[in-house]
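Colleague: just to be clear, the model below is a prediction. Sequence and coordinates:
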Amino acid sequence: MTGPLLDYARRFADAHADHAGVATTPVEGLVILRETAPTMLQYAVSKPLVALVLQGSKRVTMGSATFDFGAGDSLLVTTDVPTVSQITTATRVLPYYSLVLELDPAIIAGLVDEIGAAPFEADRPVRVDPTETEVADAALRLLRLLDRPATLAVLGPQLKRELHYWLLSGRHGGAIRALGVTDSHAQRIARAVAMLRAHYAELVKVEALAEVAGMSLSAFHVHFRSITSLSPLQFQKQLRLIEARRRMLSLGEAISDAAYGVGYESVPQFTREYGRMFGLPPARDVRQARAQMTTAA
């Protein structure tokens, strides 16, 4: 199914991709990515999603785990988690294309009620596997409707729901199902992560996070690390550093402004931790990243 799915994705992305290579579709949470050259490292905190690679290849690193994958593979992220990604194979003749769908907890919860299977907590927040035939088929039928707005309005929601169904029915359905099970460990930790994302620049006590998650302090530490692969302090630190890097690159903020803006009280401490995460001190990293962006343009 990759052939026709690639054809429809290519046609839409070539016509609608913005300067960043993102083609937003009329389907909420569904975008198509297009790149005509390998990219620099991209740092982000990914939301739960599935990405179907249709052409080219990509590398994603989470913690100490690195995943290399290409056409015919799918990346599944089942929780908010900091990742480092890079498109490794893409040319003007054969661009990189991928179909990215944010997982919808409300759809998953409705399907879980109907399926009635016992939840299974995810043991890895990121995984890569060959795209399953049923998933690709549902994605293809959804893309076919992108240039038919009236039909998409009627059939789009049920096709999006079907796509979630096949993901739930696949090899990693248990990991996805935990997102839709009321009061599962995944949902409880998601509440704590949402609090961290909303208040990343503030001093957030772990006790407050555990309370939001409805867990004892010891249980919270165990489940937070199990689901995100990080401690709460490490998670907040990466959130701050990724946001600071975005501010310097996209908004042109000075190093000190970015550091204080994300909650650091000491620029030297910010510089040390930034270098440990990104491999270069802030000034050199920003200069290098801007030079790469200029070359790519």
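Modeller: Cool, the structure landed. Predicted model, so just to flag it, every value in this text is computed and none were measured. Numbering: from 1, shown residues only.
Colleague: what residue ranges in this protein are flagged as low confidence?
Modeller: Applying pLDDT under 70 to the chain flags residues 1-2, 116-123, 182, 293-297.
Colleague: mind checking what helix or strand follows the top strand by length along it in sequence?
Modeller: When the chain is parsed with DSSP state E, its longest strand is strand 81-89. As assigned by DSSP states H and E, the chain's next helix or strand after strand 81-89 is strand 96-102.
Colleague: just give me how far that following strand sits from the chain centre.
Modeller: 11 Å (Cα atoms, centre = their mean, to the nearest Å).
Colleague: sheet partners, orientation included, of it?
Modeller: strand 30-35 (antiparallel), strand 49-55 (antiparallel) (DSSP bridges).
Colleague: tabulate the ones you listed (a markdown table), appending distance to residue 133 and mean neighbour count.
Modeller: In short, each C-beta sits where N, CA and C put it, glycine included. Below are the strands paired with strand 96-102 laid out as a markdown table (distance: least, Cβ to Cβ, whole Å; neighbours: other Cβ atoms under 10 Å):
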| stretch | distance to residue 133 | mean neighbour count |
| --- | --- | --- |
| strand 30-35 | 19 | 23 |
| strand 49-55 | 12 | 23 |
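Colleague: with distance to residue 105 added, can I get these in JSON lines?
Modeller: Shown next, in JSON lines, are these (distance: least, Cβ to Cβ, whole Å):
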{"stretch": "strand 30-35", "distance to residue 105": "16"}
{"stretch": "strand 49-55", "distance to residue 105": "12"}
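Colleague: what's the closest of these to residue 235?
Modeller: strand 49-55 (17.9 Å; Cβ to Cβ).
Colleague: neighbouring contacts of the closest one?
Modeller: With contacts defined as Cβ atoms under 8 Å, 6 or more residues apart in numbering, strand 49-55 is touched by 2, 5-6, 9-10, 33, 69-77, 94-103, 131, 135-136, 139, 167.
Colleague: next SSE after that strand?
Modeller: Immediately after strand 49-55, counting by DSSP H and E, sits strand 57-62.
Colleague: what helices or strands is that next one leaning on?
Modeller: strand 65-70, strand 81-89, strand 96-102, strand 126-130 (3 or more Cβ pairs under 8 Å, 6 or more residues apart in numbering; DSSP states H and E).
Colleague: which elements pack onto whichever helix or strand comes after the last one?
Modeller: With elements assigned by DSSP H and E, the helix or strand that comes after strand 126-130 is helix 133-143. Counting contacts by 3+ Cβ pairs under 8 Å, 6+ apart, the secondary-structure elements packed against helix 133-143 are helix 2-16, strand 49-55, strand 96-102, helix 149-169.
Colleague: which one of these lies nearest to residue 281?
Modeller: Of the helices and strands packed on helix 133-143, the one closest to residue 281 (Cβ to Cβ) turns out to be strand 96-102, at 30.1 Å.
Colleague: residues of the closest one that come out buried?
Modeller: Buried residues in strand 96-102, counted by 16 or more other Cβ atoms under 10 Å: 96-101.
Colleague: ditto for stretch 207-223
Modeller: 209-213, 215, 220-221, 223.
Colleague: ok, stretch 83-93 next?
Modeller: 83-85, 87, 89-90.
Colleague: please apply the same query to stretch 138-145.
Modeller: So stretch 138-145, judged by 16+ other Cβ under 10 Å, has buried residues 138-140, 142-145.
Colleague: re earlier: I'd like the buried residues of stretch 83-93 as TSV, with distance to residue 288 appended.
Modeller: Formatted as TSV, these follow (distance: Cβ to Cβ, whole Å):
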residue	distance to residue 288
83	20
84	15
85	17
87	18
89	22
90	20
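Colleague: tell me the one of those residues nearest residue 248?
Modeller: Using Cβ to Cβ, the buried residues of stretch 83-93 come closest to residue 248 at residue 84, 17.0 Å.
Colleague: residues contacting the closest one?
Modeller: Counted by Cβ under 8 Å, 6+ apart, residue 84 has contacts 41-43, 60-62.
Colleague: quick one on the thing from earlier: any chance of the helices and strands packed on helix 133-143 in CSV, plus distance to residue 277?
Modeller: CSV is the format used below for the helices and strands packed on helix 133-143 (distance: least, Cβ to Cβ, whole Å):
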stretch, distance to residue 277
helix 2-16, 31
strand 49-55, 22
strand 96-102, 24
helix 149-169, 31
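Colleague: so which of these is nearest residue 227?
Modeller: strand 49-55 (15.5 Å).
Colleague: relative to strand 57-62, how tilted is that closest one?
Modeller: Here strand 49-55 runs at an angle of 150 degrees relative to strand 57-62 (axes from the mean of the first three to the mean of the last three Cα atoms, to 10 degrees).
Colleague: all set, thanks.
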